[in-house]
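Asks: I would like the atomic coordinates for the input below:
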Amino acid sequence: MVTVKVDLEKCDGDAVCVSICPTSVFELKNDKAVVVREQDCILCMACVAQCAKQAIEVKE
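Replies: Prediction:
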């Protein structure tokens, strides 16, 4: 099972993960990225690679 976590203290709300995720795992709420469809994650790691603040952790 995949787990996706966003460190809200690090997240700057730039929404790069929201726009880059091919399966819409993230949404922006209150200017922070939140995980809304963790079960849809395909482990492409695009969100991790593109997050400038290193606020996203994805584990299998």
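Asks: Please identify which helix or strand holds the closest residue to D31 other than its chain neighbours.
Replies: Nearest residue to D31 in three dimensions, chain neighbours excluded: G13, at 4.0 Å (Cβ to Cβ, 6 or more residues apart in numbering). In short, each C-beta sits where N, CA and C put it, glycine included. Counting by DSSP states H and E, no helix or strand carries G13.
Asks: Make residue 1 into 412 and carry on from there
Replies: In the new numbering, first residue 412, that becomes G424.
Asks: any idea how far G424 lies from K440?
Replies: The gap separating G424 from K440 is 10 Å, by Cβ to Cβ, to the nearest Å.
Asks: Please apply the same query to E468.
Replies: On the measure of Cβ to Cβ, E468 and K440 end up 18 Å apart.
Asks: about what we covered before: neighbour count: G424 and K440, which is higher?
Replies: The neighbour count for G424 versus K440, taken as other Cβ atoms under 10 Å, is higher for G424 (15 against 10).
Asks: for that one, phi and psi?
Replies: phi 70, psi 20 (degrees, to the nearest 10).
Asks: mind listing what it touches?
Replies: 439, 442-444 (Cβ atoms under 8 Å, 6 or more residues apart in numbering).
Asks: By neighbour count, which of those wins?
Replies: Neighbour max across those (other Cβ under 10 Å) = A444, 27 neighbours.
Asks: Bridging across strands, which residues link to it?
Replies: Legend: beta-bridge partners of A444 under DSSP bridges are L439.
Asks: Hmm, D418 and it touching each other?
Replies: No: counting by Cβ atoms under 8 Å, A444 does not reach D418; the two are 9.9 Å apart.
Asks: Show me the helices in the chain, by range?
Replies: For the chain, the helices defined by DSSP state H occupy 427-431, 457-461.
Asks: Can you spell out which helices and strands pack onto the first one?
Replies: Spelled out, that is helix 427-431. Here helix 427-431 touches strand 437-440, helix 457-461, going by 3 or more Cβ pairs under 8 Å, 6 or more residues apart in numbering; DSSP states H and E.
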